[in-house]
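> attaching a predicted model along with its sequence, questions to come.
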Amino acid sequence: MTTPVAPLLVFGWGNLSRGDDALGPLFVDSLRAAAASHTGVEFLDDYQLQVEHALDLSGRQRVLFVDASLNCRAPFEVTQLQPAQDASFTTHAMSPQALMQVYVALQGEAPPLCTLLAIRGEQFELGEPPTARAQEHLAAALSWAQAWITE
């Protein structure tokens, strides 16, 4: 007997050892603790997106991808995603859009509704902790995410 898949997936990635790059996994850890009472939400974090993660999209209604960004406006930006084969498809670190395209190729159907939550980071130095400013951005993103979960 198979276990039913949670309709919502929150997937954050980043390197806990590289300053603000830790925002994705820290977001997942914080939201997992805060949303313990929410059923129907699965939380996943990893060092980076990999082709195998396309299988984690199966059976979902919505997916929230969460990553640190040097390019977004502070405190965070939210973008609706579409599948796209981009240059990251064959590189060390995939984009969420390329991951969605892998899902389309594997499943032969459109992926679930996917949203990217990019949290503004400033310093990504090896061995550094997240900056105070990035933690403020993280708190703002977590507040936004509570509404996303209950949509």
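Alright, I've got the coordinates.
> how deep is residue 44 tucked in, by neighbour count?
15 (other Cβ atoms under 10 Å). C-beta: built from backbone N, CA, C; applies to glycine.
> quick one: it is in a strand?
Yes: counting by DSSP: H, G, I helix; E, B strand; the rest coil, one finds residue 44 located in a strand.
> and the pLDDT for the spatially closest residue to it that is not a sequence neighbour?
Leaving aside its chain neighbours, residue 44 sits nearest to residue 11 (4.7 Å; criterion: Cβ to Cβ, 6 or more residues apart in numbering). At residue 11, the model reports a pLDDT of 98.
> give me the secondary structure label for residue 11.
Assignment for residue 11 (three-state DSSP): strand.
> thought it was touching residue 56?
Yes: in this structure, residue 11 is within contact of residue 56 by Cβ atoms under 8 Å, at 6.8 Å.
> give me the contacts around the longest helix along the chain.
Counting residues, the longest helix found in the chain (DSSP state H) is helix 132-150. Helix 132-150 has contacts (Cβ atoms under 8 Å, 6 or more residues apart in numbering) with 8, 10, 19-20, 23, 26-27, 30-31, 34-35, 38, 41, 64, 66, 68, 74-76, 78, 115, 117, 119-123, 130.
> returning to what we had before: more neighbours, residue 11 and residue 56?
residue 11 (24 against 18).
> quick one, what contacts the more buried one?
28, 43, 44, 45, 46, 53, 56, 63, 64, 65, 66.
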